[in-house]
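# this one's sequence-less:
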């Protein structure tokens with residue numbers, strides 16, 4: 001991230017994973033970083049962010065409210081630069097590099113299933129994939145309990161939706177008005193599948209019990225999308241992007257034992 005090379009103080013907002021990345025970068029570059037998180041942040045993510053020695057603020061019931069608070073603090077404080085978790089061309093470009101890695105490992109991908117939050121991940125990967133492999137379809141997977149990007153794509157403009165608790169906390173929350181990710185997502189995402197909490201739970205269990213992978217809910221959401229439409233995609237070369245493993249043990253353990 002280019003702003004890490006300067007001397008300004010930085011502030012960001014996150015549901016957790018972006019905050020971990022920024023906190024790690026701040027430690028590496030000896031920068032002053034504040035991370036604003038929702039009060040519902042997974043404890044494992046909170047502990048990881050704090051371990052990097054950055055300032056942490058808990059604000060709001062979901063990440064959209066945390067974003068608004070971070071933006072407010074940046075506007076009120078001289079020299080404090082806000083780093084968006086998705087509405088930033090450098091962040092989108094960085095996440096898009098995953099698309100290059102996928103194409104390096106497999107030169108013929110039919111479909112890529114990607115969880116949808118603020119749109120940085122899916123619009124970045126989608127932009128790269130469509131540039132180098134136009135035939136590959138980008139399938140966005142939204143959590144029914146928090147689907148602002150999916151609703152905004154239908155409306156053609158950023159709209160607010162109701163946000164309820166979801167296992168896919170890493171992609172929960174609203175979006176900035178005028179976010180650079182919306183037009184990119186509209187242009188590059190071929191289809192959106194919306195999944196329930198029960199479907200996310202089933203995918204968490206399958207990944208743990210059959211694939212021996214422990215992931216967070218936002219990663220399992222992508223698999224839930226493929227599972228929901230499995231008959232349509234049978235026989236194709238499908239990639240499911242597991243976007244995070246910063247799970248909260250207190251949340252995950254009962255689901256896997258049930």
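Perfect, I can see it now. Keep in mind the model is a prediction, meaning the values are calculated, not measured. Residues are numbered from 1 along each chain as shown.

# helix, strand, or coil at the residue nearest to residue 93 when sequence neighbours are not counted?
Of all residues not flanking residue 93 in the chain, residue 124 sits nearest, at 6.4 Å (CB to CB, 6 or more residues apart in numbering). Heads up, the C-betas are built off the backbone N, CA and C, glycines and all. Here residue 124 takes the helix state, with states given by DSSP: H, G, I helix; E, B strand; the rest coil.

# tell me who's in contact with residue 124.
With contacts defined as CB atoms under 8 Å, 6 or more residues apart in numbering, residue 124 is in contact with 91-99, 184.

# same question, residue 166
By CB under 8 Å, 6+ apart, the contact list for residue 166 reads 143, 145-146, 172, 197, 200, 217.

# wait, residue 153 touches residue 185, no?
Yes: using CB atoms under 8 Å, residue 153 is in contact with residue 185, at 5.9 Å.

# intersection of neighbour lists for those two?
Jointly contacting residue 153 and residue 185 under the rule CB under 8 Å, 6+ apart are residue 140.

# which one of the two is surrounded by more residues?
residue 185 (26 against 22; other CB atoms under 10 Å).

# the protein: strands as residue ranges?
Listed in chain order, the strands of the chain (DSSP state E) span 9-13, 33-37, 55-58, 80-83, 111-115, 137-143, 191-195, 238-240.

# of those, which approaches residue 224 most closely?
strand 191-195 (4.2 Å; CB to CB).

# state the mean pLDDT of the closest one.
With pLDDT averaged residue by residue, strand 191-195 scores 98.

# for the closest residue to residue 63 other than its chain neighbours, grab phi and psi.
Distances taken as CB to CB, 6+ apart place residue 173 nearest to residue 63, at 3.4 Å, with adjacent residues excluded. Backbone torsions for residue 173, taken as degrees, to the nearest 10, come to phi 110, psi 170.

# dump the residue contacts of residue 173.
15, 38, 62-67, 117-118, 146, 148, 163.

# how far away is it from residue 38?
Residue 173 is 7 Å from residue 38, where distance means CB to CB, to the nearest Å.

# now for the two: what residues contact both?
15, 62-63, 65-66.

# quickly list what the residue lying closest to residue 26 once chain neighbours are set aside is bridged to.
Here the nearest residue to residue 26 in space, its sequence neighbours aside, is residue 33; by CB to CB, 6+ apart that works out to 3.5 Å. Residue 33 has these beta-bridge partners by DSSP bridges: residue 10.

# quick check: residue 33 vs residue 80, distance?
In terms of CB to CB, residue 33 sits 11 Å off from residue 80.

# between these two, who's got more neighbours?
Per other CB under 10 Å, whichever of residue 33 and residue 80 has more neighbours is residue 33, with 24 against 16.

# quick check, the more buried one in contact with residue 12.
Yes: under the criterion of CB under 8 Å, residue 33 makes contact with residue 12 at 7.2 Å.
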